[in-house]
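A.B. asks: Here's a sequence, model it:
(chains A and B)
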Amino acid sequence: MIVSVGAVLAFAGCGRADDRRAVGAVTERFLGAISDGNGQRACAQLSDGAQQALEQDESKPCPAAARELDDEIQPSTVRRAQVFVTTAKVDLADGQSAFLELTARGWRVAAAGCRPAGPDEPYQCVLEA
Amino acid sequence: MRRHTLSLAFGALFLGTLVAQAFVGHADFNAAQLAHNSDPISLWRYVRTSEFGVDVLENWQSEYLQFSLFILGTVWLIQRGSPESKPPGDAGLESDEEQLVGRHAQPDSPSWARVGGWRTRLYSNSLLLVMGAIWLFSWLGQSITGRVAYNAERFDHQQAAISYWQYLGSPDFWNRTLQNWQSEFLAVGSMAVLAIYLRQRGSPESKPVGTPHSATGAEG
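C.D. replies: All right, here's what the predicted structure looks like:
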């Protein structure tokens, strides 16, 4: 029985290091694409929900809307990545955070340019699904 | 094999229902994913998540707590008329002669019942110790996997994750714990009382059908 409990715990922890590396890489690719003005590449890092939200908010196709995010979302380096089940949060060196979700295409950014709002309150994000 | 039908039957039931839980849990998880405009995940990925882990372990810990407390409680607590109870006046650890330990052990008694010293003391409490250890370990597992599942939900709402110690004080952890505990204690308590007045012919969990309600500790 104790072995079974251990197996459940081990299973639950499997592959988390790979996921942490992956979410960090996706976040850096997204920030790099914003900084380079590459809207197509930036949108490719977004979840479907985040793309739709961006298009609705800006009333233009995602690549065009993403090119205009460089005023609000600056490039930065990954300070910490946390993964829980199919969601993740990447904290950046400049104090921003990004939230990611696991999609059929792999990890994708669901919210970006996020900063804490208050104790236990949802982060305020520039872009969110 | 005929001498082990009870353990085999319940072992098969456990495995069958665990597999079934994996399938329906996976379907339920993916339904929630779609409702949140997220993508579904595979069954293999799901059974390796803490979502599945906490759903399994929160039930395991409460079952083993139930049995641990029942084993411990029936040493000292009495329920007149119940087959689950010792007769009034027999509360406590009983004598070595009644427990067949030391010089009172039988030729086919377990060796640690006969040998005395720490080994007999340990063996005399081995059932409670093991059941209690499984309870604690599975409750620990529930707390670890429960925190992961809870933080996944927080990230879904763009909230920061909480630490393990914060989770131990959270309503989510205690809601999962207490909703399981209340049902276990209700089951044991109602079994102890219902078995005073009701019968199931052939089951050792019941008094023989014609036994008086006032008879305590009689088994069918």
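A.B. asks: Just give me the neighbour total for A:Ala88.
C.D. replies: 27 (other CB atoms under 10 Å in any protein chain shown). The C-beta positions use only the backbone N, C-alpha and C, and glycine is treated the same way.
A.B. asks: try B:Leu13
C.D. replies: 10.
A.B. asks: Might you report the residue contacts of the most centrally placed residue in chain B?
C.D. replies: Chain B has B:Glu63 as the residue nearest its centroid, 1.8 Å off, counting by CA atoms, centre = their mean. Contact partners of B:Glu63, counting by CB atoms under 8 Å, 6 or more residues apart in numbering or on different chains, are B:Glu184.
A.B. asks: which parts of chain B sit against chain A?
C.D. replies: When proximity is defined as CB under 8 Å from any CB of the partner chain, chain B approaches chain A at B:33, B:37-39, B:41, B:47-51, B:53, B:56-57, B:60, B:64, B:133-134, B:137-138, B:141, B:144-145, B:148-149, B:151-152, B:154-161.
A.B. asks: which one is A:Thr86 nearest to, not counting chain neighbours?
C.D. replies: Take A:Thr86 and drop its neighbours on the chain: the residue closest to it by CB to CB, 6 or more residues apart in numbering or on different chains is A:Leu102, 4.0 Å away.
A.B. asks: Distance from the chain centre to whichever strand or helix holds the one you found, please.
C.D. replies: A:Leu102 belongs to strand A:97-103 when assigned by DSSP states H and E. Going by CA atoms, centre = their mean, to the nearest Å, the spacing between the C-alpha centre of strand A:97-103 and its chain's C-alpha centre is 3 Å.
A.B. asks: What pairs with it, parallel or antiparallel?
C.D. replies: strand A:87-92 (antiparallel), strand A:106-115 (antiparallel) (DSSP bridges).
A.B. asks: Turn these into TSV, columns for mean pLDDT and distance to B:His26.
C.D. replies: What follows is the strands paired with strand A:97-103, written out as TSV (pLDDT from 0 to 100; distance: least, CB to CB, whole Å):
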stretch	mean pLDDT	distance to B:His26
strand A:87-92	97	17
strand A:106-115	96	20
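A.B. asks: Rebuild these as JSON lines, extending it with distance to A:Ala25.
C.D. replies: Shown next, in JSON lines, are the strands paired with strand A:97-103 (distance: least, CB to CB, whole Å):
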{"stretch": "strand A:87-92", "distance to A:Ala25": "10"}
{"stretch": "strand A:106-115", "distance to A:Ala25": "8"}
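A.B. asks: Please identify the most buried of these.
C.D. replies: A comparison of the strands paired with strand A:97-103 by mean neighbour count, using mean count of other CB atoms under 10 Å in any protein chain shown, puts strand A:87-92 on top with a mean of 24.
A.B. asks: contacts for it?
C.D. replies: With CB under 8 Å, 6+ apart, strand A:87-92 has contacts from A:19-20, A:23-24, A:27, A:31, A:76-82, A:97-102, A:107, A:110, B:152, B:155-156, B:160-161.
A.B. asks: which of the residues you listed are buried?
C.D. replies: A:19-20, A:23-24, A:27, A:31, A:76, A:78, A:81-82, A:97-102, A:107, A:110, B:152, B:155-156, B:160-161 (16 or more other CB atoms under 10 Å in any protein chain shown).
A.B. asks: hang on, A:Gln72 packs against A:Arg115?
C.D. replies: Gln isn't right for residue A:72; it's Glu. No: contact criterion CB atoms under 8 Å: A:Glu72 and A:Arg115 do not qualify, at 10.7 Å.
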